[in-house]
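[1] need the 3D shape of this:
(2 chains)
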2 protein chains.
Amino acid sequence: MSKFMNPALSGLETYTPGEQPQDMKYIKLNTNESPYPPSPQVLAAVNAQEAADLRLYSDPESRALKQALAARYGVEPENVFLSNGSDDILNFAFLAFAGGGPDTGRKAWFPDITYGFYPVFTDLHHIVAMQIPLKDDFTIDPADYCSLGADGGMICIANPNAPTGLTLSLKQIEGILKANPDKVVLIDEAYVDFGAQSALPLIRQYENLLVVQTFSKSRSMAGARLGFAFAQAALIEDLETIKFSTNPYNINRLTNAAGIAALASDSYFSENCSRIMETRSWTKAALEELGFTVLPSAANFLFARAAGLSGMEVYRQLKAKGILIRHFEKPRIADFNRITIGTREEMETLIEKIREIIREV
Amino acid sequence: MSKFMNPALSGLETYTPGEQPQDMKYIKLNTNESPYPPSPQVLAAVNAQEAADLRLYSDPESRALKQALAARYGVEPENVFLSNGSDDILNFAFLAFAGGGPDTGRKAWFPDITYGFYPVFTDLHHIVAMQIPLKDDFTIDPADYCSLGADGGMICIANPNAPTGLTLSLKQIEGILKANPDKVVLIDEAYVDFGAQSALPLIRQYENLLVVQTFSKSRSMAGARLGFAFAQAALIEDLETIKFSTNPYNINRLTNAAGIAALASDSYFSENCSRIMETRSWTKAALEELGFTVLPSAANFLFARAAGLSGMEVYRQLKAKGILIRHFEKPRIADFNRITIGTREEMETLIEKIREIIREV
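    Take a look at the predicted model:
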């Protein structure tokens, strides 16, 4: 840290992205990317004319893309927020709805085991992080979020949760919304298209609901940086205020064009989601056959524990064999690994390599 | 504002981007975009293969692009920071080097007439904005920045300044750096390639110098969102800490590829800068012939005042005739307009329309 750094930010623990080693070509099952390219319409939208137009600023209001999302999801453009990936939206939401510095005593509640970026945001914005332990079976108990008092602040729940892949039902989420009329309830639906129920239909009734989604996973556009959120107009306006106070043009022109094209290829999108869910079923069964405990996932990854091998050991040996999976060396989950669902062929290779590892023990 | 918004952020005045009206096709001389497309290499880099690879996350460290920038500018990769446009870097710098909330009493100093985003950042981060008036001739007096006391905080100077286009010399900037060893001095060089001297050579000697540049103007990539900064490694590390605490993947894959390709086409870049400077000279002389007062600009815009017509009137009448320029209805500069340098043909049309307006008065 330089001597110039704001002392309030000293000791910031940054987010650790999944590793991207350059030493050899790996089968990448570690960052929940899609194994399929974006749709042919997206490939066509990223063309020489769009590249030539890079000389011009993007539309800071992303009107065309907002309209396309509103039409696709049956809401009004005023209910849609867009930003540079869903991380960006999460950051803005923590700042807007749970921030204010330690003196105001505002807080954010989220599970102890969830997306690793939430505690980074609370650190950054000096928010008290109220981490609520998952139950022993790694599920979220909605009751834990229904007696938090009448203070303001934000509840942040990934549904499906990461890295477990487990879900809450719409009814359970509605219970949390009803119990917390003075808190924003952010439902982070990065993985919702792989089998969970979206909370989107609840935004009409609940002014405290913010639903966050992304083009990164189910729409095969992790590298394009495009996240979106749905809520009643007042919450969206607050997020726009933050965006227009930091970086109004943060979605570039090519990503805008790609996003519109991706929405126009809805059957391509839903077929990919189905393929990934099928491959997930196959992989889960194959892992269980090899003695793994595998949580029932509604995401594009599995959270799995080997019998008789530590999570770190499985991770290390697979890496040596050219397959990257994600290991979190953390209490309660150190025996598990998070495995992204790739193509069927990639998952067959994974199972083969795990079989080798088990034989070699 | 919703009832959920952090009260510390109430009354935030957001940045107002240049207008982008959709009612008709305008000659856009209002947002300092380049009239020329990115280089042929950039067009070639944005291709179907890159679009297909959008399924993968971008490299959060942007190693290849950092190396290309380091090589081009004669520094080490550890001296380079990259983010989603230079606005993003400015935001991070205000947070890192001038922030800390009102209780720590940290401050940021900048001219009263300059890039309109600086006071937005001080508002957002609860920094005391110490605005120093430009002199009557709109120049910055370096002496004003050399007796600010030994407190920490940040000095932020656009060089060339916006919307005036006026510059400080390297020697004047060095004087400010020497006088403020406990403050970060951010030199915002968004327009430096059109005729000003970059402060980059000073980073070896001054640990408090942060030089910020962008691909948006001279490299014709406003719509790609790519800003970069140079400083000693310690300052760069602090900026990386902020980036990895907010949105590590914020440069998308296509922009990364476009940035590398743009750096490989350096003669295309310098020829465009020369053409724009030539057109600027021609336009300045033509405006002066029509009775305008025009500041000597080292940027890709002119700051000009008509004789006998208010700035607002010139702006309005040009808009009615299909030409957008930028008007700031603010004290001291309300008689002026900022006019982006377009192609020679666009500037000839501008002069013709202004001649009509003068005839019609």
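
[2] tell me, how many residues neighbour the residue of the stretch 251-361 of chain A found nearest chain B?
    Here the residue of the stretch 251-361 of chain A nearest chain B is residue A:253; by CB to the nearest CB that distance is 3.6 Å. C-betas here are computed from N, CA, C, even on glycine. By other CB atoms under 10 Å in any protein chain shown, the residues close to residue A:253 number 25.

[3] how near is it to residue A:269?
    22 Å (CB to CB, to the nearest Å).

[4] contact residues of the stretch 101-250 of chain A facing chain B?
    A:101, A:104, A:106, A:120-121, A:123-124, A:152, A:183-184, A:207-208, A:216, A:220-225, A:232, A:234-235, A:237-238, A:240-242, A:244-250 (CB under 8 Å from any CB of the partner chain).

[5] what subset of the residues you listed is buried?
    When these are checked for burial by 16 or more other CB atoms under 10 Å in any protein chain shown, the buried set is A:101, A:106, A:120-121, A:123-124, A:152, A:183-184, A:207-208, A:216, A:220-225, A:232, A:235, A:238, A:240-242, A:244-250.

[6] and residue A:257, what does it touch?
    A:45-46, A:50 (CB atoms under 8 Å, 6 or more residues apart in numbering or on different chains).

[7] excluding its backbone neighbours, what's nearest the residue positioned nearest the centre of chain A?
    Nearest to the mean C-alpha position of chain A, by CA atoms, centre = their mean, lies residue A:190 at 3.6 Å. In this structure, residue A:190 finds its nearest non-sequential neighbour in residue A:214, 5.1 Å apart by CB to CB, 6 or more residues apart in numbering or on different chains.

[8] now the helices: where do they sit in the stretch 251-361 of chain A?
    Taking DSSP state H, counting those that start in this stretch, the helices of the stretch 251-361 of chain A run over residues A:253-263, A:266-289, A:311-320, A:344-360.

[9] ok, residue A:190 to residue A:87 distance?
    As judged by CB to CB, residue A:190 and residue A:87 stand 10 Å apart.

[10] mind listing the strands for the stretch 101-250 of chain A?
    Assigned by DSSP state E, counting those that start in this stretch, the strands in the stretch 101-250 of chain A fall at A:107-111, A:128-132, A:154-158, A:184-188, A:209-214, A:227-230.

[11] remind me which residues of the stretch 51-200 of chain A are low pLDDT?
    Applying pLDDT under 70 to the stretch 51-200 of chain A flags residues A:99-105.

[12] number of residues surrounding residue A:16?
    Neighbours of residue A:16 under the rule other CB under 10 Å: 13.

[13] do I have it right that it meets residue A:120?
    No. The criterion here is CB atoms under 8 Å, and residue A:16 misses it with residue A:120 at 9.3 Å.

[14] who's in contact with the residue nearest to residue A:190?
    For residue A:214, the contact set (CB under 8 Å, 6+ apart) comprises A:85-86, A:190, A:226-228.

[15] and stretch A:41-55, anywhere near chain B?
    Yes. Counting by CB under 8 Å from any CB, chain B is contacted by stretch A:41-55 at A:42-43, A:45-48, A:50-55.

[16] please state the offset of that stretch from the chain centre?
    On the basis of CA atoms, centre = their mean, to the nearest Å, stretch A:41-55 sits 27 Å off its chain's mean C-alpha point.

[17] quick one: contacts of that stretch?
    With CB under 8 Å, 6+ apart as the test, stretch A:41-55 has contacts from A:37, A:220-221, A:252-254, A:257-258, A:260-262, A:264-265, A:268, B:33-38, B:42-43, B:45-48, B:50-52, B:54, B:220-224, B:254, B:258.

[18] now for it, what's the gap between its first and last residues?
    End-to-end distance for stretch A:41-55, by CA to CA, to the nearest Å: 23 Å.

[19] ok, and for that stretch, which residues are buried?
    Buried, per 16+ other CB under 10 Å, within stretch A:41-55: A:42-43, A:45-47, A:50-55.

[20] just the residues you listed: which are in strands?
    Counting by DSSP state E, the buried residues of stretch A:41-55 place none of their members in strands.

[21] so which of the residues you listed comes closest to residue B:29?
    The closest of the buried residues of stretch A:41-55 to residue B:29 turns out to be residue A:55 (CB to CB; 13.5 Å).

[22] how close does that closest one sit to residue A:268?
    Distance of residue A:55 to residue A:268, computed by CB to CB: 31 Å.

[23] ditto for residue A:355
    Noted for residue A:355: a distance of 34 Å to residue A:268, by CB to CB.
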